[in-house]
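S.K.: Mind folding the following:
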Amino acid sequence: MSIKPIEISGGESVYCINEAQMKKALDMANENPESSERIKNCLNMIDRDLSRNEQAALAFVIVDHLLKSN
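M.R.: This next block holds a predicted model:
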């Protein structure tokens with residue numbers, strides 16, 4: 001029995017990411033000597049182990065988790 005994938009596209013916007021936040025995140029992921037390798041390793045694992053839809057779901061869950069953890 002095959003499980004039908006859940007589509008997560010569409011709907012109203014909930015969270016906004018501004019350009020400055022995106023630039024800082026990309027700098028941290030690509031340039032920061034302490035964080036860059038860890039982030040790239042995680043991304044490689046996610047690319048290898050999760051479908052595109054699962055990756056998107058994980059991104060949303062991480063943002064939600066961060067908002068609720070403070």
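S.K.: use CA for all of it now, contacts and neighbours both
M.R.: OK.
S.K.: Next, Pro5: secondary structure please.
M.R.: Under the three-state scheme (DSSP: H, G, I helix; E, B strand; the rest coil), Pro5 adopts coil.
S.K.: Against Asn32, how distant is Lys24?
M.R.: Note on Lys24: its distance to Asn32, by C-alpha to C-alpha, to the nearest Å, is 10 Å.
S.K.: Show the average pLDDT along stretch 18-28.
M.R.: What stretch 18-28 shows for mean pLDDT is 92.
S.K.: do the same with stretch 33-52
M.R.: Here the average pLDDT along stretch 33-52 is 97.
S.K.: Quick check: which element contains Asp27?
M.R.: Per DSSP states H and E: Asp27 is located in helix 19-30.
S.K.: Only alpha carbons, please: show that helix as CSV.
M.R.: C-alpha atoms of helix 19-30 as CSV (Å, rounded to 0.1, in the frame of the first residue of the first chain):
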residue,chain,number,x,y,z
GLU,A,19,16.3,40.3,2.7
ALA,A,20,18.6,41.2,5.6
GLN,A,21,17.8,38.0,7.5
MET,A,22,18.3,36.0,4.3
LYS,A,23,21.7,37.6,3.7
LYS,A,24,22.8,37.0,7.3
ALA,A,25,21.7,33.4,7.1
LEU,A,26,23.5,32.8,3.8
ASP,A,27,26.6,34.4,5.1
MET,A,28,26.5,32.2,8.2
ALA,A,29,26.0,29.1,6.0
ASN,A,30,28.6,30.0,3.5
